[in-house]
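Peer 1: any chance you could fold what I've pasted below:
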Amino acid sequence: MKQAIPSGECSRRSFLTSVAAISIALSMPRSSAMGAAHGASARGESTEPWIGYSVGRNDLPTGQFDNWRTQRARVVKADGTNDRAIGEALIENENSWTQFAGWSPDGAQAIVLSLWEDPLNAAWEREQRTFRMTEGWMVDCCLVDLETGAIDNLTEVERVSIYNTGLFFLPDGSGFGFTPLIDGISVPFVMDRDGRNKRDVSGRTRGFAYGFSASPDGELIAYHENYQLVISKADGSDKRTIETGHPFNFAPAWSPDGQHLLFVSGEHYDCHPHIVDRAGNDLRKIADRGGYRGVVERLKHPDFHSESSDLPVWSRDGRSIFFTALVRDRVELMRASLDGKVSQLSDSAAGVRHYHPSPSPDGTQILFGSDRDGTMRLFVADLDGDNAIPITDVPPDSCAMHGFWRPGSIDGE
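Peer 2: Predicted structure coming up:
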C-alpha cells in the first residue's frame, strides 16, 4: 500500500496532496444541503470549501526517504480552520507515509496514495542516486470516505504492480485510470469501479508513460510517452504521437471543455506552457517561464531528484492558464490568456518561491504554495493574487505541498 512523491519533471524516475456534516450534506438535495450549510454557519462553523494537501518534514539531513516517511495527507478549510489528517490507518509503521492526490468528482472521497519503502532499498537508491521501483516499494491508490473514514484500496485488487500512482475517475463513471509500473515501465491502465478488470490502454508499447488523463467527454486519453505527447481513443486505439519539434513534452492536461491540452514543452529544465487542440493540431506557446527550471526543491538538504514538478494549470473557464516563472531571482505567480497576454500576480522579496497554483472550483480564488514567510506553506488569495492568507500552520521544520480544492463544495452548489 504505498510510492514516492512525484519528484521533478526532468527525470525518468521523477513521476515520482465538521467533515461528516458536509459529506452528509453532499448527498442531500440542493435545498437540504444549503440548509445544512446555513445550520453550520449558525453554529459558528466555517462553511469554506475544503482543500486537501500533504505535509511533512523537510529539514532532516539524512536524505529524502527520512523526510518522506514523515509525510501525511491532510484536509483543511480554505480559511485555515478544521485542519486534520486523513487516511491515518494507512500508516502501518515508521516506513509508511501518505500523500494527498485528489478528490472524487462529487467531493465525497479523497484520493490518497499509500506508500511504503524498505529502508534497505532507500539506502541503495541514495547510494546509487537513482530510484529502484521494481523492488522494495509498495505504493497504492486509495479512496478515503470523508464521512466514515472507510478506505478502499483499489490497486491492491487483482494487483498488477507494487507501484501504482495517478488514480483518476473516468468521466463516464465506469471506473478509474491509473499508472502502474510494469517491469519498471510506467504504463497507462484502466479498471472497473471495484478495482477489477485492470487493462493496459497504451497500445502495448514499452514507452515510459506519465500524465495519463481522460478528456471530459471520456472519448480520448492523453499522456506523454518517452516525453512525447500521445493522444488516443479511450480504449488505447487510434494512438497518435503529436509532433512538437521538442525532445521534452510533459504532463498534458485537458481544458475544462475538452478542446485543448496544456503541457510544458521544450528541453529538460527549459520548457514552457504550450497548448494543442484536441486533434493534436495548432501548437501554440502560451508563455515563457523566464529561465525557471520548472521544479521546486522541498528539502533544506537537497537529495537526488528531491524536487517536485511545478506545472501550469487551466483557469476554471479555460480562457487562461496559471503558472510560475522566474522574475529576477524569485519565482512568481503568473497568469496568461490563450493569446499570450501575461500578468504577474505576486511581487515578492528576493529569493521567494511560489509553486503549485490551483484555482478554486468557483474560479474566484487561487491556492498556491510559497515560502514568502520563510516556511513552505499553502496560501489562498483572490484570483489576482491579492488578500493572500496562509491556510496551513506548518512548523519551520516542515513543508506543505500539492494542494487540491474539493469539488462541489456545498456553499458553492
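Peer 1: can I have stretch 131-148 written out in PDB, keeping just the CAs?
Peer 2: Extracted in PDB, the C-alpha atoms of stretch 131-148 (Å, rounded to 0.1, in the frame of the first residue of the first chain):
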ATOM      1  CA  PHE A 131      15.200   5.100  -7.800                       C
ATOM      2  CA  ARG A 132      14.700   1.400  -7.900                       C
ATOM      3  CA  MET A 133      11.000   0.800  -8.000                       C
ATOM      4  CA  THR A 134      11.000  -2.800  -9.200                       C
ATOM      5  CA  GLU A 135      11.500  -3.900  -5.600                       C
ATOM      6  CA  GLY A 136      11.500  -2.600  -2.000                       C
ATOM      7  CA  TRP A 137       8.300  -0.500  -2.600                       C
ATOM      8  CA  MET A 138       4.600  -0.900  -2.100                       C
ATOM      9  CA  VAL A 139       2.500   2.000  -3.500                       C
ATOM     10  CA  ASP A 140      -1.300   2.000  -3.800                       C
ATOM     11  CA  CYS A 141      -4.100   4.400  -4.800                       C
ATOM     12  CA  CYS A 142      -6.800   4.500  -2.100                       C
ATOM     13  CA  LEU A 143     -10.200   6.200  -1.700                       C
ATOM     14  CA  VAL A 144     -10.900   7.600   1.700                       C
ATOM     15  CA  ASP A 145     -14.500   8.400   2.600                       C
ATOM     16  CA  LEU A 146     -14.600  11.700   4.400                       C
ATOM     17  CA  GLU A 147     -17.800  10.900   6.400                       C
ATOM     18  CA  THR A 148     -16.900   7.400   7.600                       C
END
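Peer 1: residues of it that come out buried?
Peer 2: 131, 133, 136-147 (16 or more other CB atoms under 10 Å). No exception for glycine: its C-beta is placed from N, CA and C like everyone else's.
Peer 1: quick one: the helices in the stretch 1-150 of the chain?
Peer 2: Ranges of helices within the stretch 1-150 of the chain are 19-26, 30-42, 64-68, 119-128, based on DSSP state H, counting those that start in this stretch.
Peer 1: hey, least reliable of those by pLDDT?
Peer 2: Mean pLDDT is lowest for helix 19-26 among the helices of the stretch 1-150 of the chain, at a mean of 30.
Peer 1: rewinding a little: nearest to residue 124 among the buried residues of stretch 131-148?
Peer 2: residue 136 (7.7 Å; CB to CB).
Peer 1: what two of the buried residues of stretch 131-148 are the furthest from one another?
Peer 2: The widest separation within those (CB to CB) is 36.1 Å, between 131 and 147.
Peer 1: stretch 112-119: which residues count as buried?
Peer 2: For stretch 112-119, by 16+ other CB under 10 Å, it's 112-117.
Peer 1: what would those look like in CSV with pLDDT and distance to residue 126?
Peer 2: As requested, these are exported to CSV (pLDDT from 0 to 100; distance: CB to CB, whole Å):
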residue, pLDDT, distance to residue 126
112, 98, 26
113, 98, 21
114, 98, 22
115, 98, 17
116, 98, 17
117, 98, 11
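Peer 1: with these in mind, which one is nearest to residue 156?
Peer 2: Of those, the one sitting nearest to residue 156 (CB to CB) turns out to be residue 114, at 9.0 Å.
Peer 1: ok, the closest one touching residue 155?
Peer 2: No - assessed by CB atoms under 8 Å, residue 114 is found out of contact with residue 155, at 9.1 Å.
Peer 1: what do the two both touch?
Peer 2: 140-141 (CB atoms under 8 Å, 6 or more residues apart in numbering).
Peer 1: pretty sure residue 48 is touching residue 77, no?
Peer 2: Yes - judged on CB under 8 Å, residue 48 makes contact with residue 77 at a distance of 4.2 Å.
Peer 1: give me the more crowded residue out of the two.
Peer 2: Legend: neighbour count by other CB atoms under 10 Å for residue 48 and residue 77, higher for residue 77 (21 against 18).
Peer 1: now do the contacts for that one.
Peer 2: Here residue 77 is in contact with 46, 48-51, 83, 391 (CB under 8 Å, 6+ apart).
Peer 1: now, which of these lie within strands?
Peer 2: Taking DSSP state E as the definition of strands, the contacts of residue 77 contribute 50-51.
Peer 1: turn the contacts of residue 77 into JSON lines, columns for distance to residue 187 and pLDDT.
Peer 2: Formatted as JSON lines, the contacts of residue 77 follow (distance: CB to CB, whole Å; pLDDT from 0 to 100):
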{"residue": "46", "distance to residue 187": "42", "pLDDT": "63"}
{"residue": "48", "distance to residue 187": "39", "pLDDT": "86"}
{"residue": "49", "distance to residue 187": "34", "pLDDT": "94"}
{"residue": "50", "distance to residue 187": "32", "pLDDT": "96"}
{"residue": "51", "distance to residue 187": "31", "pLDDT": "98"}
{"residue": "83", "distance to residue 187": "36", "pLDDT": "97"}
{"residue": "391", "distance to residue 187": "36", "pLDDT": "98"}
